[in-house]
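Participant: This is a predicted model, with the sequence first.
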Amino acid sequence: MPPLFTSVTIYTRHIPEMVAFYSRLFGYTAFQRPGDRIVDLRPPGAGTAIRLHSAAKGQKQGQALVKLNFDVDDVPAFARAAKALGLAFGPLHDGMGYVYANAKDPSGNSISISGRGSAAAQSAEFDVPYAP
């Protein structure tokens with residue numbers, strides 16, 4: 001079996017806020033082994049888990065070169081629902097056949113809600129092999 005990308009680790013000083021954020025907005029469920037400092041956030045179905053790890057004092061928080069993308073069926077509706085829960089996404093952007101919007105999590109990491117996954121499932125235009 002080839003290796004699978006199964007999780008991303010986020011180093012944070014805001015574990016309780018991060019658990020609440022990803023649980024409330026994206027349906028993740030938090031688990032923690034007794035005595036362990038890592039909190040595993042598992043998605044509500046297939047998807048990538050998020051591991052929350054306490055950040056050391058000298059570690060910088062928030063990533064500029066990495067973005068966590070969440071595929072949703074209706075980006076504008078999800079953005080409205082998120083706003084009602086306290087998270088305001090930025091403007092909707094046209095991604096050439098799909099819509100997306102950006103925000104930050106409580107630790108300053110970039111996140112995105114996107115219709116790209118749904119668009120790819122519905123269009124052969126997304127199945128063109130990469131040619132450098």
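Facilitator: Yes, it's here. Numbers count the residues shown, from 1 in each chain.
Participant: need the longest helix for the chain.
Facilitator: Across the chain, the longest stretch assigned as helix under DSSP state H is helix 15-26.
Participant: Give me the buried positions along the helix or strand following that helix.
Facilitator: Downstream of helix 15-26, the next assigned helix or strand under DSSP states H and E is strand 29-31. Of the residues in strand 29-31, A30 count as buried by neighbour count, 16 or more other C-beta atoms under 10 Å. C-betas here are computed from N, CA, C, even on glycine.
Participant: One more: stretch 23-38?
Facilitator: For stretch 23-38, burial by neighbour count (16+ other C-beta under 10 Å) applies to L25, F26, Y28, A30.
Participant: Quick one, grab the pLDDT at the first one.
Facilitator: It stands for L25. According to the prediction, L25 has pLDDT 96.
Participant: list the contacts for the nearest residue to it once chain neighbours are set aside?
Facilitator: Spatial nearest neighbour of L25, chain neighbours left out: A82 (5.6 Å); criterion: C-beta to C-beta, 6 or more residues apart in numbering. By C-beta atoms under 8 Å, 6 or more residues apart in numbering, the contact list for A82 reads L25, A88, F89, A103, I113.
Participant: which stretch of helix or strand covers the residue nearest the centre of the chain?
Facilitator: Of all residues in the chain, the one closest to the mean position by C-alpha atoms, centre = their mean is L68, 3.8 Å from it. Per DSSP H and E: L68 is located in strand 67-71.
Participant: now G97
Facilitator: Using DSSP H and E, no helix or strand contains G97.
Participant: Next, it: phi, psi?
Facilitator: Main-chain dihedrals, G97, degrees, to the nearest 10: phi 110, psi 0.
Participant: Same check on L52?
Facilitator: The phi/psi pair for L52 (degrees, to the nearest 10) reads phi -100, psi 130.
Participant: quick one: contacts for it?
Facilitator: Contacts for L52 (C-beta under 8 Å, 6+ apart) come out as T9, I10, T12, I15, M18, V19, I38, V39, D40, L41.
Participant: Could you confirm A79 falls within a helix?
Facilitator: Yes. The assignment for A79 is a helix, going by DSSP: H, G, I helix; E, B strand; the rest coil.
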